[in-house]
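Peer 1: How does the following fold in three dimensions:
(chains A and B)
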Amino acid sequence: MPFLEDIAIAFIEPCVADPGRVRLYAEPSRDLAEVLPYLNAVVNHAAYNKDGPSLTFMKEFRLITIYPRRITMSKAQNTTDAWQVLDWLKDLINDTYDRRGSITPVHGVRWRPTALQIYEWLPRTNCKACGEPTCLAFAVKLLLGERTPQECEPLFLPEHASLRRAFFEIVAAFGYPAPPGR
Amino acid sequence: MTDSTERWGKPVCVPGDEDRDQERGSGGCLAGSMADVGIYMDNAASSFPKPEAVIEAMADFLRNVGGSSGRGAYRKALEADKIVFRARQAVARLLGVADVSRVVFTANATESLNLAIKGLLSPGDHVVTTSMEHNAVWRPLKAVERRRGVTISQASCAHDGTLDPADIEALLRPNTRLIVMTHASNVTGTLMPVAEAAAIARARGIPLLVDCAQTAGVHPIDIERLGLDLVAFTGHKGLMGPTGTGGLYVRGGLDLVPLKDGGTGGDSMLEHQPEWLPDRFEAGTLNVCGIAGLGAGVRFVLEEGVERIREKEAGLLRRLLDGLSEIPGLEVYGPRDPARQVAVVSLNVRGVPAEEVASRLDREYGIMVRAGLHCAPCAHRTIGTIQRGAVRISLGYFNTEGDVDRCVEALAGIARAAG
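Peer 2: Down below sits the predicted model:
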């Protein structure tokens, strides 16, 4: 019997950062908390947030975040692509779990998103309400710790609820908690 | 008792024909009883019977799932989506394809061949094919010849349907955009030199389209190892699925113009077909019920093993060919060698029209075969039967040695009467 038997897609929607692609939530058939530090050790460039806990990384162009009871994937090409990547992920999780005796778990962050990656998940209005001339400048300042997500007003408008969820998954990787009632 | 009975355990017995059904070894894995319908030997048209799992998968979908794949956020729709993905995955595994998304579902091999041919060829292009093709290849080629000014060269095959790959190479021109060939003839069963053709095509950078209607599920195909570019298959023959299912493998990096445009689900904002496969070529609601059955059929094939299926069919074919060779007054076409063909044999009884032979086999012996030109006039021209057609016997995995013996006896009787 494998550690993880199944990952079931629970919700699919068009991807907010790229309408031609899809974003989805999936539910693993068991709690994944214990395997996350081991996955952090085997996945290159993963961002592990031990307070979540969550693990975020890129699989080619797709952004994947694993929580104990939930997996999100953004920018999957389509549902076929998503199922295929989830199968790959399930195998990776099971393989990592089987080999955990020989893997040294890593609890720190090994990767930070780039400003461009952050920028993709902003409303991109260049409204200047945050005090920065452009959204890209805001993304850079955010990475430097000189701005906080709450300073982006459009992000908290109702029409950007979906974008906001995705945004906070990414920034959670480097320690910003999601605002209440997101 | 045959080995198949041993493998499947307790057979289903039908009153009045216990022996034959027992020999078939259906053991509950078959849908329907062959005893009820006679001896089915038209598997090149459509395989019958189907594994019980195929019917169960389709009934389960209709009864308990019902959603349209890729079209909803509710769980039943996602379940439908997963059924389609698992079927796609099974096909990819069977045909040696790593990236599941390169397998596109269509309604049948004909649609797949139309998609490949019409999606690739432009005015001024040249295409090379063989003289053993089915109309599913030939008519789309003639259509692009008439409508787009595409030119066609046909490599001549020998009377037994065999092709010398050098004949393909000799026909290539600077503007050759595609090579199209069947993997095995639907008339003579002749296996074509696909590996050699693939090497020639690769060396020249010309895509190769292979029609696997007669081979998928009954003969090993390893698409990526062979380096094939486009592979058309049908779901209702060797893959054991229902009619209305089929597909096309499209190599990564090779783009086709979609045959149809329309809704694909999650990407409704786009004004054109998405670039990503398989959605690019799957506009409109998929035949999820059929694909559920196809998935079950392919899983059956994977569990049995293509090698084992091929071995059993080759054994039955050997027995059939040996039996036929003893009958005076028969003309048997094709290689007459199980190593060089799939389990399809065409023949004529001297002095008796093919249609009459087929009709007598059915009425007097309960044996179902097909007579005529089998939608393949090119192939019949090649083997010399364009005027009279032929009787085609096509064996399947569920035929038995007893079926073959009865068929041989029946043909001997018809030939004897014709004298």
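
Peer 1: Flag every residue of the stretch 101-250 of chain B that's near chain A.
Peer 2: The stretch 101-250 of chain B has residues B:Ser101 near chain A, with proximity defined as CB under 8 Å from any CB of the partner chain. Yep, even glycine has a C-beta here, placed from its N, CA and C like the rest.

Peer 1: can you tell me which residues contact the residue in the stretch 101-250 of chain B that chain A sits nearest to?
Peer 2: Here the stretch 101-250 of chain B gets closest to chain A at one residue, B:Ser101, 4.7 Å apart by CB to the nearest CB. Residues near B:Ser101 by CB atoms under 8 Å, 6 or more residues apart in numbering or on different chains: A:77-78, A:80-81, A:84, B:88, B:276-278.

Peer 1: Out of those residues, which end up buried?
Peer 2: By neighbour count, with 16 or more other CB atoms under 10 Å in any protein chain shown, the contacts of B:Ser101 hold A:77-78, A:80-81, A:84, B:88, B:276-278 as buried.

Peer 1: So which of these are in helices?
Peer 2: Using DSSP state H, the members of those that fall in helices are A:80-81, A:84, B:88.

Peer 1: Just the element for the residue most central in space within chain A, please.
Peer 2: For chain A, the residue nearest the mean C-alpha position is A:Thr65 (3.7 Å; CA atoms, centre = their mean). Element membership of A:Thr65 [criterion: DSSP states H and E] is strand A:62-66.

Peer 1: neighbouring strands for that strand, and are they parallel or not?
Peer 2: Partner strands for strand A:62-66, per DSSP bridges, with pairing direction: strand A:54-59 (antiparallel), strand A:71-76 (antiparallel).

Peer 1: which one of these is the most hemmed in?
Peer 2: strand A:71-76 (a mean of 24; mean count of other CB atoms under 10 Å in any protein chain shown).

Peer 1: The closest residue to A:Gly108 other than its chain neighbours: what's it in contact with?
Peer 2: Excluding the flanking residues, the one nearest A:Gly108 by CB to CB, 6 or more residues apart in numbering or on different chains is A:Tyr48, at 6.9 Å. Listed by CB under 8 Å, 6+ apart, the contact partners of A:Tyr48 are A:36-37, A:40, A:54-55, A:106-110, A:173.

Peer 1: still on that earlier bit, adding mean pLDDT as columns, could you present the strands paired with strand A:62-66 in JSON lines?
Peer 2: Compiled in JSON lines, the strands paired with strand A:62-66 are given as follows (pLDDT from 0 to 100):
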{"stretch": "strand A:54-59", "mean pLDDT": "89"}
{"stretch": "strand A:71-76", "mean pLDDT": "91"}
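
Peer 1: got a markdown table for those, with distance to A:Leu92 too?
Peer 2: As requested, the strands paired with strand A:62-66 are exported to a markdown table (distance: least, CB to CB, whole Å):
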| stretch | distance to A:Leu92 |
| --- | --- |
| strand A:54-59 | 9 |
| strand A:71-76 | 12 |
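
Peer 1: Distance-wise, check the residue nearest to the centre of chain A relative to A:Asp98.
Peer 2: Distance, A:Thr65 to A:Asp98, using CB to CB, to the nearest Å: 23 Å.

Peer 1: What segments of chain A are strands?
Peer 2: For chain A, the strands defined by DSSP state E occupy A:7-15, A:18-28, A:47-49, A:54-59, A:62-66, A:71-76.

Peer 1: Find the residue at the geometric middle of chain B.
Peer 2: Short answer for chain B (CA atoms, centre = their mean): B:Ala213, at 2.4 Å.

Peer 1: Wait, A:Tyr38 touches A:Ser102, no?
Peer 2: No: counting by CB atoms under 8 Å, A:Tyr38 does not reach A:Ser102; the two are 10.1 Å apart.

Peer 1: These two: who's more crowded?
Peer 2: Neighbour totals were compared for A:Tyr38 and A:Ser102, and A:Tyr38 leads with 20 against 6 (other CB atoms under 10 Å in any protein chain shown).

Peer 1: now the end-to-end length of stretch B:45-63.
Peer 2: Taking CA to CA, to the nearest Å, stretch B:45-63 runs 29 Å from one end to the other.

Peer 1: Going by neighbour count, list what's buried in that stretch.
Peer 2: The neighbour-count check on stretch B:45-63 (16+ other CB under 10 Å) flags B:45-55, B:57-58, B:61 as buried.

Peer 1: Checking my notes, B:Ser68 in a strand, right?
Peer 2: No: counting by DSSP: H, G, I helix; E, B strand; the rest coil, B:Ser68 falls outside a strand, being coil.

Peer 1: Please enumerate the helices of chain A.
Peer 2: Counting by DSSP H, the helices of chain A are A:36-42, A:79-98, A:115-120, A:135-144, A:161-172.

Peer 1: any bit of the second one sitting next to chain B?
Peer 2: Yes: legend: contact between helix A:79-98 and chain B by CB under 8 Å from any CB is shown at A:79-81, A:83-84, A:87.

Peer 1: Mind giving me the packing neighbours of that helix?
Peer 2: For helix A:79-98, the packing partners by 3 or more CB pairs under 8 Å, 6 or more residues apart in numbering or on different chains; DSSP states H and E come out as strand A:7-15, strand A:18-28, helix A:36-42, strand A:54-59, strand A:62-66, strand A:71-76, helix B:75-95.

Peer 1: Could I get these in JSON lines, plus columns for distance to B:Arg146?
Peer 2: Formatted as JSON lines, the helices and strands packed on helix A:79-98 follow (distance: least, CB to CB, whole Å):
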{"stretch": "strand A:7-15", "distance to B:Arg146": "41"}
{"stretch": "strand A:18-28", "distance to B:Arg146": "36"}
{"stretch": "helix A:36-42", "distance to B:Arg146": "58"}
{"stretch": "strand A:54-59", "distance to B:Arg146": "47"}
{"stretch": "strand A:62-66", "distance to B:Arg146": "44"}
{"stretch": "strand A:71-76", "distance to B:Arg146": "42"}
{"stretch": "helix B:75-95", "distance to B:Arg146": "32"}
